[in-house]
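S.K.: Whatever this is, show me its structure:
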Amino acid sequence: MKDIHVFMFNYSNFTFLKKALTSLQFLDNRIQGITIFEETNLFLQIGKQLSRSDISYRNLPHNDLGFAFNKRIQELHSEYILLLHDDTFFEQSVKNVDLRLASNKFVMTHTYTFKARLIPQPLLIKVAFLKQNELPTVYKVPFKEAILSSWLSKVSKSLVVNINEKIVNEGTKGVSKNDFQKLIFVEKYHINLKEKINPPTISVIISNYNMMEYVEIALTSCLLQINPPHEILVIDDGSTDHSYQQLEAYNNLHNFKLFQTENGGKARALNRLIPHIKTEFVLELDADDWLDPDALLVIGEYLSVLPQDVAVLYGNTRHWNQTELRNINYSLIKKGKEVKNKQELMSYKFPLAPRIYRTSFLKQNKGFPIVDFEDGRMYEDVSILNKLMGRYRLLYKDFTVYNVREHKSSITRKNKKNHSYWSDFKNKLD
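M.R.: This is a model prediction of the structure:
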């Protein structure tokens with residue numbers, strides 16, 4: 001019975017794709033059709049070369065694999081989707097494995113191995129389940145390599161079965177520095193908590209202004225935390241794009257609150273959120289950045305032993321360069337350092353992040369200062385850190401869970417290019 005439709009994507013060249021298609025001969029009696037997702041028309045002739053009439057091709061509009069998947073899935077009537085990607089192909093041993101799912105199981109996984117790291121990957125999924133549980137689009141994950149793992153992390157483990165047999169060969173594809181960092185990130189979706197932890201309570205605050213392209217990625221990175229935040233507070237600072245409408249779609253979530261204000265700058269927007277914070281600590285996340293899946297787990301461990309005189313905990317930042325067509329490439333990790341006084345704060349290579357504030361100290365300071373410079377619309381992070389340092393400590397710890405997106409419309413990037421702004425600001429700072 002032909003009950004499987006194969007999805008193939010992210011093949012680096014014609015040779016690997018041809019090898020993968022050839023390996024499907026082991027399952028020919030089950031395959032109803034094959035869809036190849038591609039950014040270009042590089043592979044259009046391969047079906048003719050292999051004398052296959054069951055191959056269809058789908059482009060990736062805006063490089064959005066999740067969107068293309070979801071659209072194609074709604075058109076299918078097969079029982080299963082089988083996934084092959086990233087230059088993988090089947091071993092002959094697949095003939096000895098029953099690629100079927102019991103009535104109470106909906107996903108079959110196999111283990112992808114790289115540099116002694118093990119990442120579960122969905123291999124076989126019931127189409128009916130996928131139609132009800134769509135894959136995230138590129139507006140919700142930082143890069144397409146995170147689509148399958150982020151989706152799988154939200155599927156109840158009771159609905160998943162793993163194949164122990166080695167039936168998928170990972171080929172000889174090299175792992176670049178960029179690929180390696182993405183795989184490390186993806187691996188974190190699958191961390192298993194061995195015991196329940198009870199760190200101090202923490203919320204996340206986000207101020208959004210015209211970040212339609214990225215704000216859902218920031219928000220989703222909070223929703224996909226292994227140790228979720230107590231609350232996510234988002235305020236739209238008078239956006240003129242459609243980002244506020246995007247955010248309204250999340251209003252049904254129990255731990256999400258959305259606010260809106262006229263444009264007045266980030267400091268004023270965040271100050272609107274502060275009275276609503278009910279947790280001991282709060283993490284400030286920029287609308288174009290995102291968190292690792294284990295960010296609040298790692299941060300929680302530090303907060304559990306944080307000295308009482310510390311107002312802000314911070315660490316390192318991982319930087320990515322935004323390219324065209326929604327691609328993103330790893331740049332570097334910027335190591336933080338200890339800041340003890342105003343002089344060290346002024347010479348710090350910003351942004352100092354992630355910034356996790358002790359809520360009571362933030363409220364005592366009446367939130368973020370509105371300084372007499374550019375109507376208080378710039379360097380709000382420096383202003384609040386400078387104020388808090390007058391009475392409390394800033395504490396650096398060596399951890400990396402915060403991702404900074406470098407892109408053309410970044411306010412931070414624009415400000416860095418204008419050194420006169422920084423000089424003028426320093427003269428206005430108390």
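S.K.: use CA for all of it now, contacts and neighbours both
M.R.: OK.
S.K.: Verify the stated contact: residue 199 with residue 304.
M.R.: Yes: the pair formed by residue 199 and residue 304 meets the contact definition of C-alpha atoms under 8 Å, at 5.5 Å.
S.K.: Tell me which of the two has more neighbours.
M.R.: Neighbours of residue 199 and residue 304, each counted by other C-alpha atoms under 10 Å, are more numerous for residue 199; the result is 16 against 12.
S.K.: what sits against that one?
M.R.: 300-301, 303-304 (C-alpha atoms under 8 Å, 6 or more residues apart in numbering).
S.K.: So in the chain, where's the weakest helix or strand by average pLDDT?
M.R.: Taking mean pLDDT, DSSP states H and E as the measure, the helices and strands of the chain show their lowest mean at helix 411-417, namely a mean of 52.
S.K.: quick one: which of the contacts of residue 199 sit in helices?
M.R.: Filtering those for membership in helices, criterion DSSP state H, returns 300-301, 303.
S.K.: after the least confident helix or strand of the chain comes which helix or strand?
M.R.: Proceeding N to C from helix 411-417, the next assigned helix or strand is helix 419-428, under DSSP states H and E.
S.K.: Tell me which other helices or strands that next one touches.
M.R.: helix 411-417 (3 or more C-alpha pairs under 8 Å, 6 or more residues apart in numbering; DSSP states H and E).
S.K.: the domain parsing of this protein - what is it?
M.R.: Under the assignment automatic domain parsing, the domains of the chain span 4-190, 202-428.
S.K.: Stretch 161-181 spans what distance, first to last residue?
M.R.: Start to finish, the residues bounding stretch 161-181 are 27 Å apart (C-alpha to C-alpha, to the nearest Å).
S.K.: Then stretch 63-78?
M.R.: Here the two ends of stretch 63-78 are set 26 Å apart, with distance taken as C-alpha to C-alpha.
S.K.: Please identify the buried residues of that stretch?
M.R.: Neighbour-count burial for stretch 63-78 flags 63-70, 73, 78 (criterion: 16 or more other C-alpha atoms under 10 Å).
S.K.: what's residue 237 sitting at in phi/psi?
M.R.: The phi/psi pair for residue 237 (degrees, to the nearest 10) reads phi -90, psi 60.
S.K.: Could you look up the SS state of the closest residue to it other than its chain neighbours?
M.R.: Leaving aside its sequence neighbours, residue 237 sits nearest to residue 263 (C-alpha to C-alpha, 6 or more residues apart in numbering; 4.8 Å). Reduced to three states with DSSP: H, G, I helix; E, B strand; the rest coil, the structure at residue 263 is coil.
S.K.: residues near residue 263, how many?
M.R.: Residue 263, neighbours per other C-alpha under 10 Å, totals 14.
S.K.: hang on, isn't it packed against residue 240?
M.R.: No: taking C-alpha under 8 Å as the contact criterion, residue 263 and residue 240 are not neighbours in contact, 9.6 Å apart.
S.K.: Quick one: buried ones out of the contacts of residue 199?
M.R.: By neighbour count, with 16+ other C-alpha under 10 Å, the contacts of residue 199 hold 300, 303 as buried.
S.K.: Secondary structure element holding residue 317?
M.R.: Take DSSP H and E as the rule and residue 317 turns out to sit in strand 310-322.
S.K.: tell me what that strand is packed against?
M.R.: When contacts are defined as 3+ C-alpha pairs under 8 Å, 6+ apart, strand 310-322 sits against strand 328-334, strand 355-358, strand 393-406.
S.K.: Which elements pack onto the shortest one?
M.R.: This points to strand 355-358. Packing contacts for strand 355-358, counted by 3+ C-alpha pairs under 8 Å, 6+ apart, involve strand 281-284, strand 310-322.
S.K.: among those strands, which is the most enclosed?
M.R.: Relative to the other members of those, strand 281-284 carries the highest mean neighbour count by mean count of other C-alpha atoms under 10 Å, namely a mean of 23.
S.K.: Okay, now the sheet partners of the next helix or strand along the chain from that one, with direction.
M.R.: Elements were assigned by DSSP H and E; along the chain past strand 281-284, the next helix or strand is strand 290-291. In the sheet containing strand 290-291, its partner strands are strand 393-406 (antiparallel), by DSSP bridges.
S.K.: angle of the strand it pairs with against strand 310-322?
M.R.: With axes from the mean of the first three to the mean of the last three C-alpha atoms, to 10 degrees defining the directions, strand 393-406 sits at 10 degrees from strand 310-322.
S.K.: Name the residues of strand 393-406 that are buried.
M.R.: Along strand 393-406, these residues count as buried under the neighbour rule (16+ other C-alpha under 10 Å): 393-396, 399-406.
S.K.: for those residues, which one is nearest residue 109?
M.R.: The closest of the buried residues of strand 393-406 to residue 109 turns out to be residue 401 (C-alpha to C-alpha; 26.8 Å).
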